[in-house]
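S.K.: Quick one: sequence plus predicted model below, questions after.
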Amino acid sequence: MPPGIATVACLVAIVGLFALDRDENARTSKALWLPVLWVSLAGGSRIVSLWLGLESPIKSAEQYLDGSPVERALYTALMAIGVIVLMGRGREVGEILRANGPTIVFFVYCVASVLWSDYPYVAFKRSTKAMGDLVMVLIVLTDPHRPAAVRRFLTRIGLVLVPVSILLIKYYPALGQSYSGMEGNVRYIGIATDKNSLGAICLVVGLGCVWRLAEGRKGTRKTGMLTAQGALLAMVLWLFWKVNSLTALACFSLAGGVIVVTSLPALRRRRALVHLPVAVALCFAGAALFLNVGAELVETMGREATLTGRTGLWEKLLAMTQNPLLGTGFESFWLGTRLEELAADYWWHPNEAHNGYLEVFLNLGWLGVALLGFVMVTGYRNVVSAFRRDPDLGGLKLGYFVAGTMYGFTEAAFRMLNPVWILFVLAVVAVPKANASPVRSATPSRFRHSMRERSPDHSPVRRKQDVSLG
């Protein structure tokens, strides 16, 4: 098929899948497009200036320091609009912030670490982007129709990034493929910068599909949604096969299993058992990777016992640590002479630790690791509490919590603009019960008051009518 026809077919397919998945009864805010754009343009795709041909890929330490003015303007604009949106939802935002002290302290510490960074200006810019992740999460969670907003947020990301990645891989190889390694092996990257980034996109989108399909079994309007989500999941699985990002695939398999298991009626009747599938998934992943349990399985999946050189890199990074208590400052380790030294030692030019917990240690020290651990402990409690109130949405939160925790074992999961990190934050943030209602009343309070005045009796039926109006 010629690339031009394939492009038209891709666009038609995207529009058709959007139409199939549409729920006309849900009225989400138009501001929901802000986090969709944030993840799609900033976290899930190549930077805009690369698409426009305004800049070349970053290959030197100096380019990392300078950054991109195009991206800087884009992030600033999205954040500014996002802050304006949240100012209009001040009460809801305030209640969520007060209920998530550990998460807020962690983000504040990230900003404060600019003070001891050896590249304070770069650290300040990056910490600002990290706050942008939190802004976008709050936009989703304060939407008047929160469950519907979460569904649309995930679907919009998936129906844009996944089909376009397939289009680029199959019909525009100059954009969708890259060559790496000393032998020039082909890597399928789609719209992303590398195969691991595309794997992260497949992970977060695929888990959303699994959740929607598990949730759709109880719905009344199922056919269109099941078709759209089934087609999207099939595309995600195809990308997993082509990309060969086994970390993302393993996280998808285990976290998707948690979502499916927690959707079973038997477990929902005994919600105390919710900890069991989470513990099994995390223990299995940790034992296979770090305790040499099932090393044959790791090698069978196409990875060395050293996790493709990661263990040697970890030893090198630990030897370079100078301030173990506070770290080098937010996102400051992979800059300057340190980056140049590591690029000289490794042909694949690492720019991350390939371990989320080690990455936090390098940048934020033991104090940052402790604060992240506190976020994860309290976050898991928030996730379980959400599951007990709303098993459908809570099951998705459990899946993203498990995925983010496991993804951090071999990838830098807790970094700004990372889709896995953004969805992890969305999962662990607690939403007070006052904000947990999926639908806000559109009935004026004056009308509800007059209706109560006109109801002389207080029969159960009449009270039920009053509740439905309010």
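M.R.: Sure thing, it's come through. Numbering: from 1, shown residues only.
S.K.: Could you list every helix and strand in contact with whichever strand or helix holds residue 214?
M.R.: For residue 214, the host element (DSSP states H and E) is helix 195-216. Helix 195-216 is packed against helix 146-171, strand 185-188, helix 223-243, helix 246-262, helix 391-410, helix 419-428, with contacts defined by 3 or more Cβ pairs under 8 Å, 6 or more residues apart in numbering; DSSP states H and E. All C-beta spots, glycine's among them, are computed from the backbone N, C-alpha and C.
S.K.: tally of neighbours for residue 88?
M.R.: 11 (other Cβ atoms under 10 Å).
S.K.: What of residue 142?
M.R.: 23.
S.K.: And the helix holding residue 214, how far out from the chain middle?
M.R.: Here the centre of helix 195-216 is set off from its chain's centre by 10 Å, with Cα atoms, centre = their mean, to the nearest Å.
S.K.: report the angle between the axes of that helix and helix 146-171?
M.R.: Angular relation of helix 195-216 and helix 146-171 on a 0 to 180 degree scale: 130 degrees, by axes from the mean of the first three to the mean of the last three Cα atoms, to 10 degrees.
S.K.: Contact partners for residue 354?
M.R.: 307, 310, 313-314, 410-412 (Cβ atoms under 8 Å, 6 or more residues apart in numbering).
S.K.: Next: residue 386.
M.R.: 393-394, 397, 430-431 are the contacts of residue 386 under Cβ under 8 Å, 6+ apart.
S.K.: separation between the nearest residue to residue 178 once chain neighbours are set aside and residue 161?
M.R.: Spatially, and ignoring its direct neighbours in sequence, residue 178 is nearest to residue 187 (4.8 Å; Cβ to Cβ, 6 or more residues apart in numbering). Separation of residue 187 from residue 161 (Cβ to Cβ, to the nearest Å) stands at 17 Å.
S.K.: of the two, who's got more company?
M.R.: Using other Cβ under 10 Å, the more surrounded residue of residue 187 and residue 161 is residue 161, with 24 against 19.
S.K.: show me the contacts for that one.
M.R.: 40, 44-45, 190-191, 201, 205.
S.K.: do residue 243 as well
M.R.: Going by Cβ under 8 Å, 6+ apart, residue 243 touches 188-190, 195, 198-199, 202.
S.K.: quick one on the thing from earlier: what's the lowest-pLDDT member of the contacts of residue 161?
M.R.: Lowest pLDDT among the contacts of residue 161: residue 44, with 68.
S.K.: burial of residue 323, as a residue count?
M.R.: Neighbours around residue 323, by other Cβ under 10 Å: 12.
S.K.: Please verify my assumption that it contacts residue 118.
M.R.: No - look at residue 323 against residue 118 with Cβ atoms under 8 Å: they stay out of range, at 10.0 Å.
S.K.: picking up where we left off before, out of the contacts of residue 386, what pair is the most spread apart?
M.R.: The distance between the two most remote of the contacts of residue 386 (Cβ to Cβ) is 12.6 Å, for 393 and 430.
S.K.: show me where the protein has strands.
M.R.: Counting by DSSP state E, the segments of the chain that form strands are 177-180, 185-188.
S.K.: low-confidence ranges in the chain?
M.R.: 43-44, 47-67, 180-184, 217-221, 290-309, 434-470 (pLDDT under 70).
S.K.: can you rerun that using 80?
M.R.: 23-26, 42-70, 179-185, 216-222, 266-272, 286-311, 347-349, 433-470 (pLDDT under 80).
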